[in-house]
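Enquirer: sequence plus the predicted model coming up.
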Amino acid sequence: MTPAPDLDLWLKVLTLIEPQMARGQFITWFKDTTILGREGNNVVIGLPLPMFLNWHLEHYRTMTIAALKEVDPTIDQVVYQVDGGLKDDTTRTLRLLEHFPDKKRRKLPGRAEVRIAEGLTSKLLNPRYSLENYVVGPVNRLAHAACSAVAGDPGGKYNPLFIYGGVGLGKTHLLQATGNAILRTMPHAVVLYTTSEDFTNQVIEAIQHSKMEQFRRRYREVDVLIIDDIQFLANKERTQEELFHTFNTLTEERKQIIISSDRPPKELTIMQDRLVSRFERGMVADVTMPDYETRYAILAEKAQEYGLLLDEKVLRYVAEHATKSIRQLEGILMQAVAQYELEQCVPTVSSMTEIMNKLCDSMDGKQEDVGFEKEPEKAIAFQDVLETVSKYFSVSVPDMLGESRVREILIPRQIAMYIGKKHVRMSYVRLGATFSNRDHTTVMNAVEKIETKMKEDGQLLREVRTIEKEVGISA
Ligand code: ADP
Ligand code: MG
């Protein structure tokens, strides 16, 4: 094994790796790494901390080997070795921030483009977005299934595919993930991903240079056309016109079209009717804000992606309180990741509260807008709820938790579930588990039933309010 680290080789390799991942991840996981040497056809990669080992093995090994082979085809495998001395050792490691400054990304936020065919450019698809790491829950199941179907059979049954929903709920993720999936199975497909803004600019440019014919011809080469945020085409008559033609040409040739929008087709009122009716001809699916369980799963997934270990309690807390959008959820997590990296501060419920409050302040204290639910005034133990309900209705706690479905027990049980969900902020799943392993949908139905009944039945409303007061909840 050669003694001196091969920094030249490593720099070449990292230059190939860097564009393939989010900058934060690249800096975090490749800082203080190096090539310690070679053993025959194996390259020994040095990592500064034991926690890097698993992460590299799981996420970056394949990528690293591929890049090494590209630089030096004789290389066969990598071996990892943890060497604590590498941390901040600038003689044996690269100064990543100098070799890979952030500038170029700042200057061109989200504008990175690739040439995909003669005269055709597409925005880059973020490799981080995949159909596999999109967490599926009841509110986005259909959209995800439709995207998966399209990925498996572009130009097939679901054409066009129209995904709509509010800001930060995963539309771009789904669109790009579908593009990525198609390219994985059909590497030569011409997949063009663009935003309506970009598409408009291209049309304008073509008009200015009298190259409309060329523009149309080129778009005919596209196999999959993905247009994000189509709502911004409102009022752009000429661009809509062009889109309409492109649309027809492509669908006639059974090419796939995927579109996202912030609202359903029929609400795109400033859009030409004939375009809207084209959108409606295929598959239309929406995404909305996921429920608590899905938010929890998304957070867990993202935390893992960013290499941050979050305590169960912290996960639950954030998932409960970040109710505005997934982007917001991710924003909170990114803050925690930064804090962890910069200050080695392990996230706790209180550090998360602080982050959320800060994010709140920076939005002018518009708490509702940011969507953080207020913290419950006082921690309430579910056991107290059970006992209070039990006393109030003279039903035993085990009976309430049990299987019996007689009415005398059913109502108290449903009320306990309602209070558990509403005020103790227990998840449906956890409530289900508490109540003899019932399915979470059973609990959900019970809670909804009580909510509806309370609106019609004054007696029930008073009973619930009395119990709440008893437990210490001020309504
Ligand atoms: P939109 O385009 O609807 O405004 P994005 O696709 O940009 O939203 O989503 C915002 C962030 O939330 C992205 O980082 C995305 O990966 C993440 N996200 C949204 N929904 C999910 C989901 N169901 N599973 C995993 N990540 C999600
Ligand atoms: Mg988007």
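Expert: Nice, thanks for sending it over. Ligands and ions are numbered 1, 2, ... in the order given.
Enquirer: close to ligand 2: what parts of this structure are there?
Expert: 171-172 (CB under 5 Å from the ion). (C-beta placed from N, C-alpha, C; glycine too.)
Enquirer: can you do 6 Å?
Expert: 171-172, 228-229 (CB under 6 Å from the ion).
Enquirer: now do the same for whichever residue of the stretch 301-450 of the chain sits closest to ligand 1: its pLDDT.
Expert: Per CB to the nearest ligand atom, Ile326 is where the stretch 301-450 of the chain lies closest to ligand 1, at 3.4 Å. For Ile326, the model assigns a pLDDT of 94.
Enquirer: ok, now the one 5 residues further on?
Expert: Per-residue confidence for Gly331 comes out at a pLDDT of 89.
Enquirer: on that earlier part again, next up, the contacts around the residue of the stretch 301-450 of the chain closest to ligand 1.
Expert: 168-170, 289-290, 295, 298 (CB atoms under 8 Å, 6 or more residues apart in numbering).
Enquirer: show the overlap between those and what lies near ligand 1.
Expert: Subset of the contacts of Ile326 in contact with ligand 1: 168-170, 298, counting by CB under 6 Å from any ligand atom.
Enquirer: mind picking the two most distant members of the residues you listed?
Expert: Using CB to CB, the ones next to ligand 1 among the contacts of Ile326 reach their maximum pairwise distance at Gly168 and Ile298, which is 11.6 Å.
Enquirer: more neighbours, the two?
Expert: Comparing Gly168 with Ile298 by neighbour count (other CB atoms under 10 Å), the higher total belongs to Ile298, at 23 against 18.
Enquirer: per-residue confidence at the residue in the stretch 101-250 of the chain positioned nearest to ligand 1?
Expert: Relative to ligand 1, the nearest point of the stretch 101-250 of the chain is Gly170 (2.7 Å; CB to the nearest ligand atom). As predicted, Gly170 sits at a pLDDT of 96.
Enquirer: didn't it look like it was pressed against Val136?
Expert: No: contact criterion CB atoms under 8 Å: Gly170 and Val136 do not qualify, at 10.2 Å.
Enquirer: okay, the two: which has more neighbours?
Expert: A direct count of neighbours by other CB under 10 Å for Gly170 and Val136 places Gly170 higher, at 24 against 17.
Enquirer: which element follows the strand or helix carrying Gly432 toward the C-terminus?
Expert: Using DSSP states H and E, Gly432 maps to helix 428-434. Next along the chain after helix 428-434, taking DSSP H and E as the criterion, comes helix 440-456.
Enquirer: packing partners for that following helix?
Expert: Applying 3 or more CB pairs under 8 Å, 6 or more residues apart in numbering; DSSP states H and E, one finds that helix 440-456 contacts helix 407-422, helix 428-434, helix 458-471.
Enquirer: out of these, which comes closest to Phe279?
Expert: helix 428-434 (34.6 Å).
Enquirer: so which other helices or strands are in contact with that closest one?
Expert: By 3+ CB pairs under 8 Å, 6+ apart, helix 428-434 packs against helix 292-305, helix 407-422, helix 440-456.
Enquirer: run through the residues of the chain sitting next to ligand 1.
Expert: 134-135, 140, 165, 167-173, 298, 326-327, 330.
Enquirer: mind listing what's buried in the host helix or strand of Arg184?
Expert: Assessed by DSSP H and E, Arg184 sits inside helix 171-185. Residues of helix 171-185 classed as buried: 171-183 (neighbour count, 16 or more other CB atoms under 10 Å).
Enquirer: show the subsequent helix or strand relative to it.
Expert: Counting by DSSP H and E, the next helix or strand C-terminal to helix 171-185 is strand 191-195.
Enquirer: quick one, the very next helix or strand once past that next one and strand 191-195 angle?
Expert: Proceeding N to C from strand 191-195, the next assigned helix or strand is helix 196-208, under DSSP H and E. If you take axes from the mean of the first three to the mean of the last three CA atoms, to 10 degrees, helix 196-208 sits at 100 degrees to strand 191-195.
Enquirer: which elements pack onto helix 196-208?
Expert: Packed against helix 196-208 by the contact rule (3+ CB pairs under 8 Å, 6+ apart) you find helix 212-219, strand 224-228, helix 237-252.
Enquirer: so can I have CSV of these showing mean pLDDT and mean neighbour count?
Expert: Output for the helices and strands packed on helix 196-208, formatted as CSV (pLDDT from 0 to 100; neighbours: other CB atoms under 10 Å):
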stretch, mean pLDDT, mean neighbour count
helix 212-219, 90, 16
strand 224-228, 96, 24
helix 237-252, 91, 17
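Enquirer: mind checking which of those is nearest Thr15?
Expert: strand 224-228 (28.4 Å).
Enquirer: packing partners of that closest one?
Expert: helix 171-185, strand 191-195, helix 196-208, helix 237-252, strand 256-261.
Enquirer: ok, back up a step: just name the closest of the residues of the chain next to ligand 1 to ligand 2, please.
Expert: When these are compared for distance to ligand 2 (CB to the ion), Thr172 comes out closest, at 3.2 Å.
Enquirer: and the residue lying closest to that closest one once chain neighbours are set aside, how far from Leu175?
Expert: Leaving aside its chain neighbours, Thr172 sits nearest to Asp228 (5.7 Å; criterion: CB to CB, 6 or more residues apart in numbering). Distance, Asp228 to Leu175, by CB to CB, to the nearest Å: 6 Å.
Enquirer: got the domain boundaries for this protein?
Expert: 7-99, 106-286, 292-370, 382-471 (automatic domain parsing).
Enquirer: and the ones you listed, which one's lowest on average pLDDT?
Expert: domain 292-370 (a mean of 82).
Enquirer: how far off centre is it?
Expert: When C-alpha coordinates are averaged (CA atoms, centre = their mean, to the nearest Å), domain 292-370 and its chain have centres 13 Å apart.
Enquirer: cool, stretch 411-425 as well?
Expert: 30 Å.
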